[in-house]
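Asks: When you get a sec, could you give me coordinates for this:
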Amino acid sequence: MSGIRKIAADLYARTKQYIKSIGRGKIGGAEGPEIAPGEEGAKVGEAGLRYKLLAILIILTLLPLLAAGYLTLNMITENMDEQTRITVEKDARAAEYIFMHRLEECAFQVGMAANNPKMLRAFEVDDYERVLAALYSDKANYGLDFLTLLDAERFVEVRANSGELQPGSKVDFALLEKGLHGTLSGLTVLPEDFLREEQLLEKAAVRVKDPDGGLGSGDDKEGRAMAFAAVVPIVDQQDGERLEGVLIGGVLLNNNDHFVEGIAQTLGVTTTFFFEDLRVATTVLDERGEKAIGTRAAQNVAHTVLVEEKPYSGRALVVDENYITSYLPLRDHDKEVVGMLYVGIPEAPFIKTKDANRNRFLLIGALSLVIALGVALKFSKGITDPLNMIVNRMRNVAYTGALDQEVKIEREDEIGKIAKGFNIMLGSLKDTLHTMQEMSEKINFSTGELSAAVQQSNAAMEEIALATGDSVAHQAQEIAHVSEQAAAKGKEDEENA
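Replies: Next comes the predicted model:
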């Protein structure tokens with residue numbers, strides 16, 4: 001009886017212990033970490049699942065968006081750089097067109113001076129005073145830097161620059177030699193002697209600056225000059241073939257601020273004329289705010305344009321600042337590269353624009369991140385809070401054994417299904433425990449009946465045992481008495497024998 005009751009009580013206790021083991025992680029014999037009943041489920045739900053959801057949101061949504069934005073920003077920046085480079089190259093071609101147009105204009109002006117009727121009539125009669133007057137007037141009207149009449153042997157007859165007759169000196173440079181047989185114009189390099197005789201040496205001289213920005217020594221000057229020049233033969237008016245003289249004229253490019261600034265203002269760029277790699281006219285300013293005349297081009301640019309005879313475009317160091325540039329080779333009448341034409345714009349404004357775009361992108365990205373995190377926190381809270389409620393109710397069931405922990409979550413999603421499943425599980429546990437209690441009570445009742453029956457059986461057995469014991473004792477006494485009588489009789493028989 002006591003053994004059966006003990007088994008029933010032990011079964012009920014094990015059932016409740018099993019329920020509690022759900023919260024302690026001891027199901028199936030595997031023992032997990034102990035969690036105190038007072039601890040909340042936020043460690044699993046809030047600190048675990050919520051952060052995982054945020055991590056998933058960042059990895060799967062925000063990071064791709066930020067990466068796409070960064071790539072888009074780079075593409076915009078690269079496209080901006082490319083468009084700027086193309087624009088500067090177009091400006092360089094426009095500047096080259098203006099440059100060549102001025103050369104053609106110079107040739108036309110010298111031609112007009114050579115065909116000036118007043119000058120020709122005076123030249124025919126050797127009236128050099130009137131020739132000088134005509135040349136001086138044309139030089140001033142056309143804006144030429146020099147206009148000189150030579151005879152057929154290239155000796156000077158009249159110089160418009162001197163204002164007086166200076167016959168006798170001979171002029172000799174390549175363009176003149178080729179122009180004796182027909183009109184010829186082009187970009188040319190004027191020698192120092194010619195500039196001195198034309199009283200243009202000071203106007204054309206460029207003092208070369210040291211690489212650190214300082215001026216060189218007093219003798220460190222470029223004495224030659226790059227110029228537009230035209231040579232127009234003057235033939236005999238009677239037969240039209242015999243060479244009577246040659247008119248040469250042109251415009252200096254060295255220190256020609258008016259021309260270089262006109263191109264710069266027309267195109268909205270900085271402009272420079274290079275004689276070889278030396279700036280001889282420019283709108284670029286140095287660190288002191290002065291025009292950077294006498295400074296040299298970057299070595300990589302000079303090598304590309306002057307040695308390889310190729311255009312250069314792209315980023316380049318101009319004086320002491322980075323520019324977006326385009327350099328074109330300048331060729332003389334023999335197609336030899338003698339200088340460079342530059343146009344460019346400072347890179348600093350574009351860098352500021354890029355930085356502004358980047359900062360704007362970062363600001364938008366940060367705001368998007370904050371907004372997304374706020375939405376994600378609210379979204380994750382809608383997931384983790386119900387789960388935390390379910391976990392806490394499960395722990396209450398495990399630690400207290402109380403089965404009145406139904407979860408009230410009215411949702412139709414997976415969390416709602418979990419809550420309904422939990423409530424169903426609690427109902428099943430209640431039914432199981434109720435059944436176990438009824439079984440225990442029935443067993444206890446049956447055990448009581450069995451106990452009474454056993455007691456009655458024990459009393460009957462005791463009575464039987466008592467009755468059986470008295471009968472056996474009487475019979476034993478009788479047997480003993482008969483045995484004593486038989487022994488006595490045997491002894492008498494022995495004696496009688």
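Asks: any weak-confidence spans in the stretch 1-150 of the chain?
Replies: Across the stretch 1-150 of the chain, the ranges flagged by pLDDT under 70 are 1-54, 57-58, 60-63, 65-66, 69, 73.
Asks: ranges for the strands of it?
Replies: Assignment of strands within the stretch 1-150 of the chain using DSSP state E, counting those that start in this stretch yields the ranges 146-151.
Asks: Just the helices from it, written as ranges.
Replies: In the stretch 1-150 of the chain, the helices defined using DSSP state H, counting those that start in this stretch lie at 2-24, 51-57, 63-114, 117-124, 128-142.
Asks: Pull the residues that contact the fourth one.
Replies: It refers to helix 117-124. The contact list for helix 117-124, computed with CB atoms under 8 Å, 6 or more residues apart in numbering, reads 113, 128-131, 134-135, 138, 149, 234, 237, 244-245. Bear in mind the C-beta positions are built from the backbone N, C-alpha and C, glycine included.
Asks: Recalculate using a threshold of 10 Å.
Replies: Outside helix 117-124, the residues within contact range by CB atoms under 10 Å, 6 or more residues apart in numbering are 113-114, 116, 127-135, 137-138, 149, 157-158, 234, 236-238, 244-245, 247.
Asks: Quick one: the helices in the stretch 301-450 of the chain, in order.
Replies: 348-400, 414-496.
Asks: just checking, Glu287 touches Lys209?
Replies: No - at 11.5 Å, Glu287 does not count as touching Lys209 under the criterion of CB atoms under 10 Å.
Asks: Show me the shaky parts of the stretch 201-350 of the chain.
Replies: Short version for the stretch 201-350 of the chain, where the test is pLDDT under 70: 210-219, 237-240.
Asks: again, only using 90
Replies: 208-223, 233-246, 285-290, 314-323, 333-334, 345-350 (pLDDT under 90).
Asks: what about the strands in it?
Replies: 206-207, 221-222, 225-235, 243-252, 270-275, 278-282, 312-318, 321-331, 337-346.
Asks: Ok, which of those comes nearest Gly427?
Replies: strand 312-318 (77.1 Å; CB to CB).
Asks: now the strands of the stretch 201-350 of the chain as TSV including distance to Ile409 and mean neighbour count?
Replies: Formatted as TSV, the strands of the stretch 201-350 of the chain follow (distance: least, CB to CB, whole Å; neighbours: other CB atoms under 10 Å):
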stretch	distance to Ile409	mean neighbour count
strand 206-207	89	18
strand 221-222	91	17
strand 225-235	89	24
strand 243-252	92	23
strand 270-275	72	25
strand 278-282	79	25
strand 312-318	64	18
strand 321-331	64	21
strand 337-346	65	23
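Asks: how about those strands in a markdown table, adding distance to Met100?
Replies: Formatted as a markdown table, these follow (distance: least, CB to CB, whole Å):
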| stretch | distance to Met100 |
| --- | --- |
| strand 206-207 | 23 |
| strand 221-222 | 24 |
| strand 225-235 | 10 |
| strand 243-252 | 13 |
| strand 270-275 | 13 |
| strand 278-282 | 16 |
| strand 312-318 | 19 |
| strand 321-331 | 10 |
| strand 337-346 | 10 |
